[in-house]
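Undergrad: below are the sequence and a predicted model for it; my questions follow.
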Amino acid sequence: MQILINKGGVLSEALCAQLKDYGLSISPNTSIFRNFAYNGRVYLDHQVYLTCCKVDAYSSIHTDTQMSRCQVGRYTTIATGCDIGLAGHGLSCFTTSTSLNQDGIFEFITPNIKRPGVLTMQYDGEFLPLITIGHDVTLEPLVLFPKAVTVGNGAIVRAGTVVTKDVPPYAIVANGSRGSQVVGSRFSDEIIADLLELKWWEYDIPLMLDHGREVPLHDIASFIEFMRFAAAENFPRIPEHWLYLRRDSEDKVVLFEVTADCKIMHLYPRLIDDEHLARARQELGKQKLYQEVRKRLHLTPASTGTQGITLSSTKANTKDSTEASTENTADASAQASIADSAEASIAESARASS
C-alpha cells in the first residue's frame, strides 16, 4: 500500500536555504497557507502550520504548532504543540458536521450538496479569532487559543493553558477553575513599569552581543540600568523591513515589501480601508469578488504594479535573477498594491459593466 504525504503549503529544501538570506529560517516540512509576513530574523521549526500570520524579529515557532490569524511580536518563543486561533463551527444548523457545512472534505462522495465552505462564508477570515501576542512572550507547550485575545509584553503562558481572556504584561498565566487566570508575575510592578518604558525589544540585542558588546542579561536591575544610562540612543535598532511571502508552489515564492501595519487577511495583504472593501462587495456581490481577486492574485508581480523578489529552486541562475529583481523592488509607497490594484480595478470594471 502506498502512503501519500500531504505537501500542502511546504517549500523545497533548496528554497528554504535561499530564504535564510532574507532572514527566514524555515523547515521544508513547515506549511504556509495563504498569507505570511515577517520582519527581520524569524525561525519556523518543523511541522509548523501558518495561515494568515505576521511574525516579528527574533521570534521562534516550534514543532507541531498551528497558527491562524495571529500576529506575533519580537523576541517571542512559541513552544511545541500550540494551537493558536481555533476555527469554530456554526451553531445555527441542526448539525456542526463538516459533511454538511464545509467544502472540500466530503465532496468526493456527495459533490452536489451546496455547502457554504470556509472561503465563501467569510472571505476575510473573520470567522477566526484574531490573536495578538506581544513582545518577549513565552508560550509553553500545548497552549490553546480558542478565542480572540491579546497577550501582553513579557507574559508567560504555562503549558496546557487554554487562554480565554487577555493576558496582562509580564503576567504568568495558567488554567484556573474558570478558564485561564493570572497565577503570578515575572517581576515587581516597578520593574515591569521600567521594562515597558524602556521598550528594549526595539533594539537588536543579539547583534550587540555578536559584536562584542557586554549586556547584563541575567540581572534584571543591572539590565535596566544598562539600558537607561549606557547611551541607548546609540544602540542598533531593529529595522522595520517587513516581507510578505506569497507561495506560488513548492519551488517558488515571491517576496513583497510591505509596511508594519499591513493587514494579513484571508488570501492577500491589504492596507485599504474597510469602507473601500464594503463598496466593492456591494457592487460585485461577494461570490464574484472572491473569484476575481483570487484569479488576479495568480498574475505575475509586474502585472499587479509591484515588482517582488522571486525565489525559485528550479532556475539555474536563481541568485542572479533574484538580485536583478531586488534592484527593481518597489519602494514603500507601493506596498500592498496587489490588493489595492486588484480591488480597485474589479470595482471599476463592475461599475463599467453596470
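TA: Cool, the structure landed.

Undergrad: quick one: the helices in this structure?
TA: With DSSP state H as the criterion, the chain has helices at 13-19, 98-101, 118-121, 189-198, 205-210, 220-229, 274-284, 286-296, 318-327, 337-353.

Undergrad: what's the mean pLDDT across the last one?
TA: Helix 337-353 carries an average pLDDT of 42.

Undergrad: for the second one, same thing?
TA: Helix 98-101 shows a mean pLDDT of 72 in the predicted model.

Undergrad: got it, and stretch 72-86?
TA: Average pLDDT, stretch 72-86: 95.

Undergrad: may I have it as PDB, with CA atoms only?
TA: Written as PDB, here are the backbone C-alpha positions of stretch 72-86 (Å, rounded to 0.1, in the frame of the first residue of the first chain):
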ATOM      1  CA  VAL A  72       3.500  37.800  17.000                       C
ATOM      2  CA  GLY A  73       5.800  40.500  18.400                       C
ATOM      3  CA  ARG A  74       9.600  40.400  18.800                       C
ATOM      4  CA  TYR A  75      11.700  38.100  20.900                       C
ATOM      5  CA  THR A  76       8.700  35.800  21.400                       C
ATOM      6  CA  THR A  77       9.000  32.000  21.800                       C
ATOM      7  CA  ILE A  78       6.100  29.700  21.000                       C
ATOM      8  CA  ALA A  79       6.800  26.100  22.100                       C
ATOM      9  CA  THR A  80       5.700  22.800  20.600                       C
ATOM     10  CA  GLY A  81       2.200  21.700  20.100                       C
ATOM     11  CA  CYS A  82       0.400  25.100  20.500                       C
ATOM     12  CA  ASP A  83      -2.900  25.700  18.700                       C
ATOM     13  CA  ILE A  84      -3.500  29.400  18.100                       C
ATOM     14  CA  GLY A  85      -6.700  30.700  16.500                       C
ATOM     15  CA  LEU A  86      -9.000  27.700  16.600                       C
END
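
Undergrad: tell me the buried residues in that stretch?
TA: Within stretch 72-86, the residues scored as buried using 16 or more other C-beta atoms under 10 Å are 72-85. Heads up, the C-betas are built off the backbone N, CA and C, glycines and all.

Undergrad: from these, pick the one nearest Met227.
TA: Met227 has its nearest neighbour among those in Tyr75, at 13.9 Å by C-beta to C-beta.

Undergrad: now do the contacts for that closest one.
TA: Ala57, Tyr58, Ser59, His135, Asp136, Trp201 (C-beta atoms under 8 Å, 6 or more residues apart in numbering).

Undergrad: torsion angles phi and psi at Glu214?
TA: phi -80, psi 120 (degrees, to the nearest 10).

Undergrad: which residues does it contact?
TA: Glu214 touches nothing, counting by C-beta under 8 Å, 6+ apart.

Undergrad: gap between it and Leu245?
TA: 36 Å (C-beta to C-beta, to the nearest Å).

Undergrad: same thing with Ala260?
TA: In terms of C-beta to C-beta, Ala260 sits 16 Å off from Leu245.

Undergrad: which one's more surrounded, the two?
TA: Leu245 (22 against 11; other C-beta atoms under 10 Å).

Undergrad: what sits against that one?
TA: Leu24, Ile32, Phe36, Ala37, Tyr38, Val253, Val254, Leu255.

Undergrad: bridging residues for it?
TA: With DSSP bridges as the criterion, Leu245 is bridged to Phe36, Leu255.

Undergrad: and the pLDDT for it?
TA: 89.

Undergrad: please apply the same query to Gly104.
TA: 60.

Undergrad: where does pLDDT dip in the stretch 201-350 of the chain?
TA: 265-308, 314-350 (pLDDT under 70).

Undergrad: same check, this time on the stretch 51-200 of the chain
TA: 87-92, 101-105, 114-129.

Undergrad: at 50 instead, please
TA: Along the stretch 51-200 of the chain, the parts satisfying pLDDT under 50 run over 117-126.

Undergrad: residue ranges for the strands of it, please.
TA: 59-61, 66-72, 77-78, 83-84, 131-133, 138-139, 144-145, 150-151, 156-157, 171-176, 179-185 (DSSP state E, counting those that start in this stretch).

Undergrad: relative to Ser312, which of those is closest?
TA: strand 59-61 (24.9 Å).

Undergrad: who touches Ile192 in this structure?
TA: Counted by C-beta under 8 Å, 6+ apart, Ile192 has contacts Gly154, Pro169, Tyr170, Ser185, Arg186.

Undergrad: isn't the last one right next to Ile156, touching?
TA: What it means is Arg186. Yes: counting by C-beta atoms under 8 Å, Ile156 is a contact partner of Arg186 at 6.6 Å.

Undergrad: what do the two both touch?
TA: With C-beta under 8 Å, 6+ apart as the test, Arg186 and Ile156 both reach Ala171, Ile172.

Undergrad: related to what we said a few turns ago, how about the strands of the stretch 51-200 of the chain, which one is nearest Leu195?
TA: Taking C-beta to C-beta, strand 179-185 is the member of the strands of the stretch 51-200 of the chain nearest to Leu195, at 11.8 Å.

Undergrad: mind listing what's buried in the closest one?
TA: So, applying 16+ other C-beta under 10 Å, buried residues of strand 179-185: Ser180, Ser185.

Undergrad: name every strand pairing with that strand and say which way it goes.
TA: Applying DSSP bridges, one finds strand 179-185 paired with strand 171-176 (antiparallel).

Undergrad: if we ignore the residues flanking it in sequence, what's nearest Ser59?
TA: Thr76 (4.3 Å; C-beta to C-beta, 6 or more residues apart in numbering).

Undergrad: how near is that neighbour to Leu19?
TA: 20 Å.
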